[in-house]
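Visitor: Could you work out the structure for the sequence below:
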Amino acid sequence: MKTIKKYIDFFYWMICDSLLRYRNKVLLVSFADFVGVSMQVAALWVLLQYIFHLESGKPINILDYSIVARDSFQVFFVFTTVAFFLLLLSAWLIFYSDVQKIKLRVLFERFCSQRAFLAYEKKSFFLFLATEKLKNTGISKIAIGDARYYSRALFMVFNLLKPVCYLVIAVPAMLYISTRLTFILGAVVLISLFFQYLVSKNAAKQSVLLENYNMRSNLEKKQLISFLDACSLSNEADSKDRVKDKIKLFFSSRTIVNRYKTLEERLKGAPQSSFISNVLMAFGIFIILIVLIRQSLFIEPQWASTIAFLISLKISLSQLGAINRILTGINRFYPQISRYRRFICFNFNDSDTGIDD
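Guide: Numbers count the residues shown, from 1 in each chain. Below is the predicted model of the structure:
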């Protein structure tokens, strides 16, 4: 419970410090994303309506005219043209949104670097390092490296907007088609969230370990490079053998071996998150096959509704998987962002950044 509270506090600070700082631009990007996604869904709805009228044979009533979809190529042309232009408009809006996200990411990275340099004072910086028990950490590591990771995390938070928009549209559609089935799938999703939490927690842990091993391995790398430089100037006959032995010893040292093992564990976060999403997808489709397909085969044919529910489920689970992968990715930057946060809070009050926006 303590860990969850710590994460909530961390994400709350991050949102207030980044998203709320540029609230107007964030609202514009969010609106463009939402409308772009809505246009895609509207195009899909138009095509599903055409499929429904083809399946049922019911006429399409427009003003005083009644047209049977099966008998008119003009109806087919109108439906597909409307869908085409909706998708074109959606593509432009999503492109515009993505470009604005990149601009905002660069703007925020610049702001974070500037704020960290303004917070730098040699005496207080060394006091901060002593308080944090940090070694081999310079201001450039925080003001450039950590600021870059922070801006990347902001960009990833922006990338949450699109899948959330899809979920906002797809989940009500599923509830409309089959409330009971949607709640059953919701229970399966809640169970999967526990495993996603474990994956995200492990990603943050491995990031902390990897940073520690990187700092420790840098000293060994410097020693190896100094040895290689000395050997390159030496004319001794056995220098090549000594170089090979030294390099072999370097890569077999405990620090380097543990670093690569930790890196592997850290990179496993994304496929582990995808695996959970794929298992969830398998459960979802299996439940649909049992309930809706069985109903369409043996009780009452509802193939249009079944197709619509399958599409909504596919969209929902795919976007939920995307959200989980993004959150896992943000957790990988937790050590750097957390250190940056402590440094800024160590020098500034929450309301004082030292910079005019």
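Visitor: tell me what the biggest helix by length in the chain is packed against?
Guide: Ordering each helix of the chain by length in residues (DSSP state H) puts helix 179-232 first. The contact analysis (3 or more Cβ pairs under 8 Å, 6 or more residues apart in numbering; DSSP states H and E) places helix 179-232 against helix 161-177, helix 239-251, helix 254-267, helix 269-288, helix 303-332, helix 334-347. (C-beta placed from N, C-alpha, C; glycine too.)
Visitor: State the pLDDT value of the closest residue to Phe34 other than its chain neighbours.
Guide: Counting by Cβ to Cβ, 6 or more residues apart in numbering, Phe34 lies nearest to Cys165, which is 4.8 Å off, once chain neighbours are set aside. Predicted confidence (pLDDT) for Cys165: 81.
Visitor: who's in contact with Cys165?
Guide: Asp33, Phe34, Val37, Ser38 (Cβ atoms under 8 Å, 6 or more residues apart in numbering).
Visitor: Adding neighbour count and distance to Met281, write these out as CSV.
Guide: Output for the contacts of Cys165, formatted as CSV (neighbours: other Cβ atoms under 10 Å; distance: Cβ to Cβ, whole Å):
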residue, neighbour count, distance to Met281
Asp33, 26, 24
Phe34, 19, 25
Val37, 26, 20
Ser38, 17, 24
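Visitor: can you redo those as CSV with secondary structure, pLDDT and distance to Pro172?
Guide: As requested, the contacts of Cys165 are exported to CSV (DSSP: H, G, I helix; E, B strand; the rest coil; pLDDT from 0 to 100; distance: Cβ to Cβ, whole Å):
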residue, secondary structure, pLDDT, distance to Pro172
Asp33, helix, 86, 18
Phe34, helix, 86, 14
Val37, helix, 84, 13
Ser38, helix, 86, 12
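Visitor: Looking at those residues, which one is closest to Ser277?
Guide: Closest approach between the contacts of Cys165 and Ser277, by Cβ to Cβ: Val37, at 19.1 Å.
Visitor: thought that closest one was touching Tyr166?
Guide: Yes. Taking contacts as Cβ atoms under 8 Å, Val37 lies within contact range of Tyr166: 5.7 Å.
Visitor: Trp13: which of the contacts of Cys165 is nearest?
Guide: Closest to Trp13, out of all of the contacts of Cys165 and judged by Cβ to Cβ, is Asp33, at 23.9 Å.
Visitor: what's the spacing between the closest one and Cys165?
Guide: 6 Å (Cβ to Cβ, to the nearest Å).
Visitor: What of Lys201?
Guide: Counting by Cβ to Cβ - Lys201 and Cys165 are separated by 27 Å.
Visitor: Let me see the residues that make contact with stretch 183-203.
Guide: So stretch 183-203 is contacted by 3, 174, 265-266, 269, 272-273, 276-277, 279-280, 283-284, 287, 313, 320, 324, 327-329, 331-332 (Cβ under 8 Å, 6+ apart).
Visitor: coming back round to it: now the longest helix of the chain: how far from the chain's centre is it?
Guide: Computed by Cα atoms, centre = their mean, to the nearest Å, the chain-centroid distance of helix 179-232 equals 15 Å.
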